[in-house]
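**Q** Need the 3D shape of this:
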Amino acid sequence: MAGEKRLARTRNIGFMAHIDAGKTTVTERVLFYTKKTHRMGEVDDGTATMDWMQQEQERGITITSAVTTVEWKGNTIHIIDTPGHVDFTIEVERSLRVLDGTIAIFSAVEGVEPQSETVWHQADKYRVPKMAFVNKMDRIGSDFFGTVKMMAERLGANPLITQIPIGAEDRFIGVIDLIRAKGIVWDEHSLGVEFREVSIPKEMEKEASLYRSKLIESLAELDEYLMDKYLNGEEISESEMKAALRKATISMKTVPVLCGAALRNQGIQPLINAIVDYLPSPLDIPPVEGAHPVTGEKEVRMAKNEESFTAIAFKVVMDEGRKLVYIRIYSGALKVGAEVYNPRLKKGEKISRIFQMHAHQRNRVEEAKAGEIVAVMGLKETTTGDTLCDRSRPILLEPIDFYKPVMSIAVEPRTSRDQEKLTECLEKLREEDPTFHVKLDEDTGQTIISGMGELHLDVLVKRILTEYHLEVNVGRPQVVYRETIEKEAEATAKFMKEIDEVRHFAEVFLRISPNGRGKGVEFHSEAPVGTLPAEGLLSVEEGIRESSTVGVILGYPMTDLRITLLKANVDSDRPSMLALKIASANALREGCRKAQPVLMEPMMEVNIIVPEEFMGEVVGDLKARKSSVEAITPKGKVTMIEAISPLTRMFGYSTDLRSLTQGRGTFTMQFSRYDKMIS
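**A** As a prediction, this is how the structure comes out:
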């Protein structure tokens, strides 16, 4: 019972947002008001607790997700502060995979920005209940109701306004709590620690009454019990409204919306209360489901300490050469010295230490329980996305999706004696970041590193210098191309050879057709039934998939192909799987040569915000870069431009945009799709 009570008072939540919406600033205030820190950190002067990496402090952005735990009115809140820049989307993805609830932070000036949409849909994918906090209400151009409208239009959300602002821009002083029908005003001289409840200002009574009625009406539509009371004209109490809002939030039917100005220390305490009031505890979410690693049958684990141990490793950090693995425990308890089973590796690993984390500071504990997020040492081979469980009752949880890198650069150490050191250092960075790839180009002997964009690769190169004290030369960024075909073609290939006095023979007939963009390589068989044994079909597919990794133009991986096996001939008494595999690979290459192969390049979705007077120059520049402008939306004194651009034309764009807009333009860029190269 004590365990259940603890779990009911536990929240695993994250802050997510577009870059610069004030996410880390909000987190810093939460740490200060919950007395986790005694001094308020600031992003702009590099003192934010959660941005502890040297590069985060220098650049004023979050690069890696940081974990901490705070106490608030008898509740334990585990918090993950995630990055807002698109190059570090994997940090958001793996955090959302283990969170029970999230707070989306929007700037009241810009509203719903491109990366806000990306992280919102990531949260939808993992069915994570959400709350929204409209920040920067004190800024010129802030528009609370406009931002809420954008949430409904752009995100398909059902936002429920639970607070409205008192004043706006430099006259913003507090909020009206619509559930309690009270005003809250902050005292700026106490760093926002002190605030007072006031009556709703006379001039806002009508507006507050209107929005409170709308809130009650919306809650009644979502809750049958409230609907009966509402239709009968009965008074609905504060506790009934909160209970209905909690239920609707957890079932993802609505998103409670709050507002404030984190930099001026306004609106944070009601936000922490709302986290406890409306976001789920581990007991409120469905039991975690997985599959038995051997039988494939469905396995379920309840959020209880008495259950078999189940956890997922969602982040790896190399700390002074030692591996620190962040895990979310779904069921059971974990003690120092315990063995955990990794079903992917099919082996056990021993836990040597358990830490409760506060950014990069570690507090050693002897035990961790269901519902907690902790870091552990001792897991030598476990990596991001691995399940950890009880060997006697194994379970395999759904892994974490990773993104494919789109940009590469060549790196080499300044001195040849450092080559081994560079290899070790890249291996450690790769272990931490699943979107970072390393390979050796056999033709040139160069080490090629690939990532999600210019900033991602720049950060990694700087980490090699600052953390591993290794100076490297860096080649120009290279784009990762793909190959595909534009016509349909048929091809035949035969393989016949005697190996160790055994005859290997197969003849394969394929049809190769273009597939829709983003569909990848699809294999189908129209071969007459009984032509091949089951493992024969697998060998054909294996040969095709292996062959498709090296294209026929410049050797880039092939994609968006539909390959159909028309027929195959083999020795009926002794069919050779090796011959089938080789013949299929050769037939695919032959077919692709006939089918008008073309190179494809990564196309990026670019979102630019510029003052309206520079809109013409920016659009003209985009057209010169062979970009297609998809939408131009005026928003007050700024214009939002959406475009699709070839990645090759976007190198160094941040510098060019600054010079075009006198340093006032901003942009974000994320991978959209591969498409035919624009000459």
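
**Q** switch to C-alpha atoms for all contacts and neighbour counts from now on
**A** Fine.

**Q** show me where the stretch 301-450 of the chain has strands.
**A** Applying DSSP state E, counting those that start in this stretch to the stretch 301-450 of the chain gives strands spanning 310-319, 322-331, 334-335, 339-342, 347-350, 353-358, 361-365, 367-368, 373-377, 387-389, 396-397, 407-413, 437-440, 447-451.

**Q** Who are the packing partners of the third one?
**A** Think strand 334-335. strand 367-368 (3 or more C-alpha pairs under 8 Å, 6 or more residues apart in numbering; DSSP states H and E).

**Q** repeat that with 10 Å
**A** strand 353-358, strand 367-368 (3 or more C-alpha pairs under 10 Å, 6 or more residues apart in numbering; DSSP states H and E).

**Q** sorry, back to before: and of the strands of the stretch 301-450 of the chain, who's closest to E612?
**A** Closest approach to E612 among the strands of the stretch 301-450 of the chain is made by strand 407-413 (31.6 Å; C-alpha to C-alpha).

**Q** would TSV of the strands of the stretch 301-450 of the chain with mean neighbour count, mean pLDDT and distance to K623 be doable?
**A** As requested, the strands of the stretch 301-450 of the chain are exported to TSV (neighbours: other C-alpha atoms under 10 Å; pLDDT from 0 to 100; distance: least, C-alpha to C-alpha, whole Å):
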stretch	mean neighbour count	mean pLDDT	distance to K623
strand 310-319	22	84	41
strand 322-331	23	87	45
strand 334-335	18	92	58
strand 339-342	22	93	52
strand 347-350	16	91	55
strand 353-358	21	84	47
strand 361-365	13	82	49
strand 367-368	19	90	56
strand 373-377	24	88	48
strand 387-389	27	92	48
strand 396-397	23	90	46
strand 407-413	20	81	22
strand 437-440	15	82	32
strand 447-451	22	82	26
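
**Q** who wins for proximity to P405 among the helices and strands packed on strand 334-335?
**A** Closest approach to P405 among these (C-alpha to C-alpha): strand 353-358, 29.4 Å.

**Q** From the contact counts, what lies against that closest one?
**A** Here strand 353-358 touches strand 66-72, strand 75-81, strand 322-331, strand 334-335, strand 361-365, strand 367-368, strand 373-377, going by 3+ C-alpha pairs under 10 Å, 6+ apart.

**Q** thinking again about what came up before, got a markdown table for the helices and strands packed on strand 334-335, with distance to K462 too?
**A** Converted to a markdown table, those look like this (distance: least, C-alpha to C-alpha, whole Å):
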| stretch | distance to K462 |
| --- | --- |
| strand 353-358 | 24 |
| strand 367-368 | 35 |
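
**Q** Tell me which of these approaches T666 most closely.
**A** Nearest to T666, of all the helices and strands packed on strand 334-335, is strand 353-358, at 32.0 Å by C-alpha to C-alpha.

**Q** For the chain, which strand extends over the most residues?
**A** Secondary structure of the chain per DSSP state E: the longest strand is strand 597-611.

**Q** quick one: low-confidence ranges for the stretch 1-150 of the chain?
**A** Flagging of the stretch 1-150 of the chain using pLDDT under 70 yields the residue ranges 1-3, 19, 37-65, 83-91, 114-115.

**Q** can we see that at 90?
**A** 1-7, 12-70, 78-99, 107, 109-127, 138-142, 150 (pLDDT under 90).

**Q** got the contact list for the residue of the chain most remote from its centre?
**A** Distance to the chain centre peaks in the chain at E501, reaching 54.3 Å (criterion: C-alpha atoms, centre = their mean). Listed by C-alpha atoms under 10 Å, 6 or more residues apart in numbering, E501 has no contact partners.

**Q** All further residue positions should be reported with the first residue as 33.
**A** Will do, 33 is the new start, and the previous item becomes E533.

**Q** tell me the pLDDT at it?
**A** On pLDDT, E533 comes in at 81.

**Q** Check the gap between it and S250 for me.
**A** 79 Å (C-alpha to C-alpha, to the nearest Å).

**Q** How about E226?
**A** E226 is 32 Å from S250, where distance means C-alpha to C-alpha.

**Q** who's more crowded, these two?
**A** Taking other C-alpha atoms under 10 Å, E226 and S250 do not tie; S250 has more neighbours (17 against 12).

**Q** for the strands of the stretch 333-482 of the chain, which one sits closest to D113?
**A** Of all the strands of the stretch 333-482 of the chain, it is strand 385-390 that lies closest to D113, at 11.1 Å by C-alpha to C-alpha.

**Q** Run me through the strand neighbours of that closest one, direction for each.
**A** Paired with strand 385-390 in the same sheet, following DSSP bridges, are strand 393-397 (antiparallel), strand 405-409 (antiparallel).

**Q** Just put those strands in TSV and tack on distance to D113.
**A** Shown next, in TSV, are the strands paired with strand 385-390 (distance: least, C-alpha to C-alpha, whole Å):
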stretch	distance to D113
strand 393-397	15
strand 405-409	13
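
**Q** Relative to G369, which of the ones you listed is closest?
**A** Closest approach to G369 among the strands paired with strand 385-390 (C-alpha to C-alpha): strand 405-409, 10.3 Å.

**Q** Please give the centre-to-centre distance between the closest one and its chain.
**A** The chain centroid and the centroid of strand 405-409 are separated by 20 Å, computed with C-alpha atoms, centre = their mean, to the nearest Å.

**Q** That strand to strand 98-104, inter-axis angle?
**A** Interaxial angle, strand 405-409 versus strand 98-104 (axes from the mean of the first three to the mean of the last three C-alpha atoms, to 10 degrees): 130 degrees.

**Q** show me where the stretch 133-282 of the chain has strands.
**A** Assigned by DSSP E, counting those that start in this stretch, the stretch 133-282 of the chain shows strands spanning 133-139, 162-167, 191-193, 195-198, 206-209, 214-218, 227-230.

**Q** returning to what we had before: and the strands paired with strand 385-390: which comes nearest I307?
**A** Once the strands paired with strand 385-390 are compared by C-alpha to C-alpha, strand 405-409 is nearest, at 17.0 Å.
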